[in-house]
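All I have is the shape, not the residue letters:
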Ligand code: FPP
């Protein structure tokens, strides 16, 4: 969800105002995903590296998380959203960390959309914490054992990665999980992201051929006859 700071700067507003509008864009995107029958949405709300931002922005983002918890969780629950907050909670305010646990428990029975709000998350952190658990459980280190201990083990690997704000990098997001994910980059700043941008990304995704290491001919020969043109 990149571009909040620039969105605010363009309007001579403080960066946190951009993050607040970012929450609005996230709320609208959740609804758009539900309307389109998408079952999993994972967003990067705060990275392991975001602690290096100015102190007032970091505390503003923590406050926003607390506010979003109390304001948004009841609405999300009504919409059938199952919430998860993958990330390292050890550095979070204990009250906020407890709020995250409560929101997860409260919404755990919902089936319409799984929403992963990655907070104090880093792809490298995730690989290390999974490897530590595998080791602690005395298991052999394999792709399967590591996958089972990753912070997003409750969902399958992402099909599509969308980065807004014009940057073309992964920035330590789901490093392990995105081995075969399709990438889509948009110049739109996150607060301006809406249904038409989501649909443009989905259209681009539909035109990709996912080969998972195989050849185009192999993929074509395995398609049902009705799909061959
Ligand atoms: C990156 O844009 C965005 C973030 C670091 C924060 C994303 C957070 C939200 C959208 C709010 C949702 C948060 C919660 C608590 C649910 P940037 O600040 O790097 O923008 P820039 O590249 O224009 O400076």
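Done, it's in. Just so we're clear, the structure is a prediction, and the values are computed from it rather than from any experiment.

So residue 138 belongs to a strand, correct?
No - Residue 138 is assigned coil when assessed by DSSP: H, G, I helix; E, B strand; the rest coil, not a strand.

Now do it: how many residues are near it, please.
6 (other Cβ atoms under 10 Å). Every residue, glycine included, has its C-beta placed from N, CA and C.

Just want to check the distance between residue 199 and the ligand.
Using Cβ to the nearest ligand atom, to the nearest Å, one obtains 20 Å as the distance from residue 199 to the ligand.

okay, and for this protein, where does confidence drop off?
Applying pLDDT under 70 to the chain flags residues 226-229.

which bits of it sit near the ligand?
1-6, 19, 22-23, 26, 45, 50, 64-65, 68, 117, 165, 190 (Cβ under 6 Å from any ligand atom).

could you redo the last one with a cut-off of 5 Å?
1-6, 19, 22-23, 45, 64-65, 68 (Cβ under 5 Å from any ligand atom).

ranges for the helices of the chain?
Applying DSSP state H to the chain gives helices spanning 4-10, 15-35, 55-78, 94-106, 123-136, 143-149, 195-206, 216-221.

Just the buried residues of the longest one, please?
By neighbour count, with 16 or more other Cβ atoms under 10 Å as the criterion, the buried positions of helix 55-78 are 57, 60-62, 64-66, 68-69, 72-73, 76-77.

The fourth one now?
For helix 94-106, the buried set under the neighbour-count rule, 16+ other Cβ under 10 Å, comprises 96-97, 99-100, 103.

wait, residue 32 sits on residue 198?
Yes - assessed by Cβ atoms under 8 Å, residue 32 is found in contact with residue 198 at 5.2 Å.

surely residue 208 meets residue 180?
No - taking contacts as Cβ under 8 Å, residue 208 lies outside contact range of residue 180: 10.9 Å.

quick one on the thing from earlier: who wins on neighbours among the residues of the chain next to the ligand?
Using other Cβ under 10 Å as the neighbour criterion, residue 22 leads the residues of the chain next to the ligand with 27 neighbours.

Spit out the contact partners of the nearest residue to that one once chain neighbours are set aside.
Spatial nearest neighbour of residue 22, excluding adjacent residues (Cβ to Cβ, 6 or more residues apart in numbering): residue 4 at 4.5 Å. By Cβ atoms under 8 Å, 6 or more residues apart in numbering, residue 4 lies in contact with 15, 18-19, 21-22, 189-191.

Dump these into a markdown table; add distance to residue 113 as well.
Output for the contacts of residue 4, formatted as a markdown table (distance: Cβ to Cβ, whole Å):
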| residue | distance to residue 113 |
| --- | --- |
| 15 | 29 |
| 18 | 25 |
| 19 | 22 |
| 21 | 22 |
| 22 | 19 |
| 189 | 24 |
| 190 | 19 |
| 191 | 21 |
